[in-house]
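Asker: got a sequence here, can you build the structure:
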Amino acid sequence: MAPNRSARRGGESLPQNVERHRELLTIIEGGDPEVVLKALADHGHGSFLDEVVDRLDGGTSDSERWPAERRSR
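Answerer: Take a look at the predicted model:
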């Protein structure tokens, strides 16, 4: 969580972070597994990767496609 919080610091305030998690909790409490999985996938738990992944060498075509897909969400 800490790396994601650091990565989001410039674009998300603490109250916004709390609200994003509150929305996720509401979805989880709704109990629809498909909706929950979609919400978790779009939640932003890998935000820190957006800053790091472009600095890594030796990627495959699949590993290079993955960050582009993440950023398009």
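
Asker: report pLDDT for H45.
Answerer: H45 is assigned a pLDDT of 63 by the prediction.

Asker: hmm, I typed the wrong one, I wanted V35.
Answerer: The per-residue pLDDT reported for V35 equals 95.

Asker: wouldn't it be in contact with I28 here?
Answerer: No - using Cβ atoms under 8 Å as the test, V35 is too far from I28 to be in contact (9.1 Å). (Glycine included, C-beta is placed from N, CA and C.)

Asker: low-confidence stretches in the chain?
Answerer: 1-10, 44-56, 58, 67, 70-71, 73 (pLDDT under 70).

Asker: strands of that one, residue ranges please.
Answerer: For the chain, applying DSSP state E gives no strands.

Asker: tell me who's in contact with E12.
Answerer: Shown in contact with E12 (Cβ atoms under 8 Å, 6 or more residues apart in numbering): R20.

Asker: and it, how close does it get to V18?
Answerer: Taking Cβ to Cβ, to the nearest Å as the measure, E12 falls 10 Å from V18.

Asker: please apply the same query to G11.
Answerer: In terms of Cβ to Cβ, G11 sits 15 Å off from V18.

Asker: same question for T60.
Answerer: Using Cβ to Cβ, T60 is found at 38 Å from V18.

Asker: now do the buried residues in stretch 14-22.
Answerer: N17 (16 or more other Cβ atoms under 10 Å).

Asker: pull the CA atoms of that stretch into PDB?
Answerer: The C-alpha coordinates for stretch 14-22 follow below in PDB (Å, rounded to 0.1, in the frame of the first residue of the first chain):
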ATOM      1  CA  LEU A  14      -5.900  11.500   1.600                       C
ATOM      2  CA  PRO A  15      -9.700  12.100   1.700                       C
ATOM      3  CA  GLN A  16      -9.800  11.000  -2.000                       C
ATOM      4  CA  ASN A  17      -7.900   7.800  -1.100                       C
ATOM      5  CA  VAL A  18     -10.300   7.100   1.700                       C
ATOM      6  CA  GLU A  19     -13.300   7.600  -0.600                       C
ATOM      7  CA  ARG A  20     -11.800   5.300  -3.200                       C
ATOM      8  CA  HIS A  21     -11.400   2.600  -0.600                       C
ATOM      9  CA  ARG A  22     -14.900   3.300   0.800                       C
END
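
Asker: noted, bye for now.
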